[in-house]
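Engineer: Build me a model from this:
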Amino acid sequence: MSQEFEPVIGLEVHAQLLTRTKAFCSCSTSFGARPNTNVCPVCLGLPGALPVLDAEAVRMAVRIALALGCTVHERSVFARKNYFYPDLPKGYQISQFEEPLSTDGWLDITLADGSTKRAGIARVHMEEDAGKNVHGMGGDSIVDLNRAGTPLVEIVGAPDLRSAGEASEYLRRLREVLMTLGVNDGNLEEGSFRCDANVSIRPRGSTTFGTRCEVKNVNSFRFVEKAIDYEIARQAAIVSSGGRIVQETRRWDEASGKTFSLRSKEEAHDYRYFPEPDLPPLVVDAAFVEAQRASLEELPVARRARWGATLGLTAVAAGVLSVHPRIAAFFEEAAALHGDAVKVANFVQTEVLRDVATAGLSATFPVTAAQVAELLALVDGGTISGKQAKDVYAALRGTAKSARDVVAALGVAQMSDSGELESVCKAVVEANAKQVAGYRSGKTGLMGFFVGQVMKETKGSANPQLVNEILARLLAG
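Structural biologist: All right, here's what the predicted structure looks like:
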């Protein structure tokens, strides 16, 4: 994009709350059921059916608002957001508009240069989801209303983001917060975490917002970046050639790598909101809010800071190990059992994580935290070497065996008998007179050569520390 323009980006995220039942009825929210089976007169919008607000959805929404630094209002009001679409059975969506649950929050993101930027959050409010149009059914399309009425929060970001990279980082950090709270599974593919991107451009140095276009329902972090970058370039080309940006809703097409117009949106507030007559105002008292605040989980930013300050982890290690709440819990358990968090962090990153499978909030580990702690303790005690630990780990995967039993079964205990190692080291030194002369003339880097030869002779089982001590003495002459 031309340096003449500055992008202005604000994201609207719809996050499904992990309640067992829908927002205003007792239908299940389970994913993957046969179409139109998790429905009832309320979520089908049948005449005379009355909604009843789910208390658990309110609790989760309040926790999200607090985690994002929002002010939770004691009184909020539901409204009918009117529009026509086949997957909206009532002809309106129950949402919040003029008096939302919470306002004025923020989310800290890390920029490419390592600095931190605070992006504003205008509001977090509650609403229900629509159904789903399913196309390609033998040439027909059907409407599946299983999802209709599922509880959502809409998290409306302020227009504070200035690049596609910042937008992607914002989404990752937001998803991380919701998953840590246990209120959303972060599943972009299933639509439980969806993003609409509002994109505009303006001349650099200007404080006036340009005309924005909304890119709907982008379902991956990579596509968010691509869609925003394309939209920025498209708008810049139009303005540079003397054209005018039309306010509209657009969709991202993965195959072509372009956005396409869906519908004009010349009026910013093209929905018609009316107060929801079947629901009273939502009142959450101060005591309830404070109880939720007091019980909030440690958030990822605070966890990473604590790991760095008290455990000595690098920012990179802390970032990798906090990417999923179950991975963070696994690491903390293993570190507590072993005692050296840095050693545990290194082993988990290099060996364990490549075998971990995550699905939503769940994760499957190849070994237990206790097995990792015991395995590293065997390395610390000199029973096995670091290299041997990798072989033992491979044999431990998917079993309930102890690391010590696996070491015994494999016969890979580290050679730590000083007399036996002395003999091997002497033989290596005597067989490499040229290298010995080089070492004694000042080429101390040759120590690695001698250690390697000893390891080769012992098939990697020699105690490296003891080998270094013996070789240093023998080579000193």
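
Engineer: Distance of residue 234 relative to residue 253?
Structural biologist: Counting by Cβ to Cβ, to the nearest Å, the gap from residue 234 to residue 253 is 13 Å. Every residue, glycine included, has its C-beta placed from N, CA and C.

Engineer: Take stretch 368-380, keep the C-alpha atoms, and write them as PDB.
Structural biologist: Taking Å, rounded to 0.1, in the frame of the first residue of the first chain, the C-alpha atoms of stretch 368-380 are listed here in PDB:
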ATOM      1  CA  THR A 368       2.100 -37.300  32.100                       C
ATOM      2  CA  ALA A 369       3.700 -34.400  33.900                       C
ATOM      3  CA  ALA A 370       5.000 -36.800  36.500                       C
ATOM      4  CA  GLN A 371       6.800 -38.900  33.900                       C
ATOM      5  CA  VAL A 372       8.500 -35.800  32.500                       C
ATOM      6  CA  ALA A 373       9.600 -34.700  36.000                       C
ATOM      7  CA  GLU A 374      11.000 -38.200  36.800                       C
ATOM      8  CA  LEU A 375      12.800 -38.500  33.500                       C
ATOM      9  CA  LEU A 376      14.500 -35.100  34.000                       C
ATOM     10  CA  ALA A 377      15.400 -36.100  37.500                       C
ATOM     11  CA  LEU A 378      17.200 -39.100  36.100                       C
ATOM     12  CA  VAL A 379      19.200 -36.800  33.900                       C
ATOM     13  CA  ASP A 380      20.000 -34.600  36.900                       C
END
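
Engineer: Does residue 71 touch residue 106 like I think?
Structural biologist: No - taking Cβ atoms under 8 Å as the definition, residue 71 is not a contact partner of residue 106, at 11.4 Å.

Engineer: Give the closest residue to residue 217 in space, chain neighbours not counted.
Structural biologist: residue 194 (5.3 Å; Cβ to Cβ, 6 or more residues apart in numbering).

Engineer: Make sure residue 400 is indeed in a strand.
Structural biologist: No - if the criterion is DSSP: H, G, I helix; E, B strand; the rest coil, then residue 400 is coil and not within a strand.

Engineer: Can you check the pLDDT for it?
Structural biologist: The score at residue 400 is 95. That number is its pLDDT.

Engineer: chain center to the helix or strand where residue 12 lies: distance?
Structural biologist: In this structure, residue 12 is located in strand 5-16 according to DSSP states H and E. Counting by Cα atoms, centre = their mean, to the nearest Å, strand 5-16 is centred 17 Å from the centre of its parent chain.

Engineer: Residue 343: what secondary structure?
Structural biologist: helix.

Engineer: OK, contacts around the closest residue to it other than its chain neighbours?
Structural biologist: Excluding its sequence neighbours, the residue lying closest to residue 343 (Cβ to Cβ, 6+ apart) is residue 376, at 5.7 Å. Residues counted as contacts of residue 376 (Cβ atoms under 8 Å, 6 or more residues apart in numbering) are 338, 340, 343-344, 347, 389.

Engineer: in which helix or strand would I find residue 376?
Structural biologist: Here residue 376 is assigned to helix 369-380, by DSSP H and E.

Engineer: can you pull the buried residues of that helix?
Structural biologist: Buried residues in helix 369-380, counting neighbours by 16 or more other Cβ atoms under 10 Å, are found at 369, 371-379.

Engineer: which residues of the protein score low on pLDDT?
Structural biologist: Counting by pLDDT under 70, the ranges of the chain that qualify are 1-2, 137, 265-270.

Engineer: Show me it divided up by domain.
Structural biologist: Using automatic domain parsing, the domain parsing of the chain gives 5-289, 298-410, 418-475.

Engineer: for this structure, which helix is longest?
Structural biologist: Ranked by number of residues, the top helix in the chain under DSSP state H is helix 221-240.
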